[in-house]
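need a 3D model of the following:
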Amino acid sequence: MLIRSAAAALALALAVPAAMAQEAATAAPAAQAETLPDIALGAEDAPLTVIEYASFTCGHCADFHAESWPKLKAEYVDTGKVRFIQRDVYFDQPGLWAGVLARCGGDEKFYAVSDMLFDEQKTWLAGGTGEEIAANLRKIGLKAGMTEDQMSACWEDTAKAEQLIATFQKNATTDQIEATPTFIIGGEKVMNQPWDDMKKVIDGKLAEAN
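Prediction:
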């Protein structure tokens, strides 16, 4: 999926439907907002870092998480060979809402909620309106142990939305990301590809690191 402009993403971030937030105050440009640190998974001293740029509304990203992510996690992340970082990309309002929800339970729940969002992507995106999608996302949040008030507070936090957009802008610009999913493996940009091909890239980078 191709990335929209940063300005368009910011405009989408501030257009929050009534079902998810009260009327938001006028926000500062995302470029002025503080950026957020990565949420990493795996050993800090892993010899290789793999970064995935992904959107929660991207079908190819959901496919990666269904087919390749379990293998990457089991064979490389859980064994201490790879430190994994997911960086969100926002194409649209639902993608941003999902991104806010993924962080709503704290960093320790980010990847668990992220997995749920990808696993159930077709279901929660099936809503015909923003309010229906919001209601579907709330169901995921409840299953993840969040409360209604907690989710409402997260979606009403326009400052956090600005930070997420600013972080997306900075990272995607630095790494020249044009589509999702895109990976940075050992500092090299790698486009989405079948697991066997990606595994060869990872093994090659690990060999270089040893």
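
use CA for all of it now, contacts and neighbours both
Fine.

can you pull out the strands in the protein?
40-41, 48-54, 82-88, 182-185, 188-191 (DSSP state E).

tell me the helices and strands packed up against the fourth one.
So the one you mean is strand 182-185. Using 3 or more CA pairs under 8 Å, 6 or more residues apart in numbering; DSSP states H and E, the elements in contact with strand 182-185 are strand 48-54, strand 188-191, helix 195-209.

for this structure, give me the ranges with low pLDDT.
Along the chain, the model assigns pLDDT under 70 to residues 1-32.

how about the nearest residue to the spatially most central residue of the chain, chain neighbours excluded?
The chain has Asp88 as the residue nearest its centroid, 3.0 Å off, counting by CA atoms, centre = their mean. Of all residues not flanking Asp88 in the chain, Ala54 sits nearest, at 5.2 Å (CA to CA, 6 or more residues apart in numbering).

correct me, but that neighbour touches Gln86?
Yes. The criterion here is CA atoms under 8 Å, and Ala54 meets it with Gln86 at 7.0 Å.

looking only at neighbour counts, state which of the two leads.
Ala54 (25 against 19; other CA atoms under 10 Å).

all helices for the protein, in order.
Applying DSSP state H to the chain gives helices spanning 6-14, 59-67, 69-72, 93-104, 110-119, 121-124, 130-143, 148-156, 158-174, 195-209.

out of those, flag the one nearest Leu48.
Closest of the helices of the chain to Leu48 is helix 195-209, at 6.4 Å (criterion: CA to CA).

pull up the gap between the nearest residue to Trp124 once chain neighbours are set aside and Asn171, please.
Leaving aside its sequence neighbours, Trp124 sits nearest to Asn136 (CA to CA, 6+ apart; 4.9 Å). Distance, Asn136 to Asn171, by CA to CA, to the nearest Å: 29 Å.
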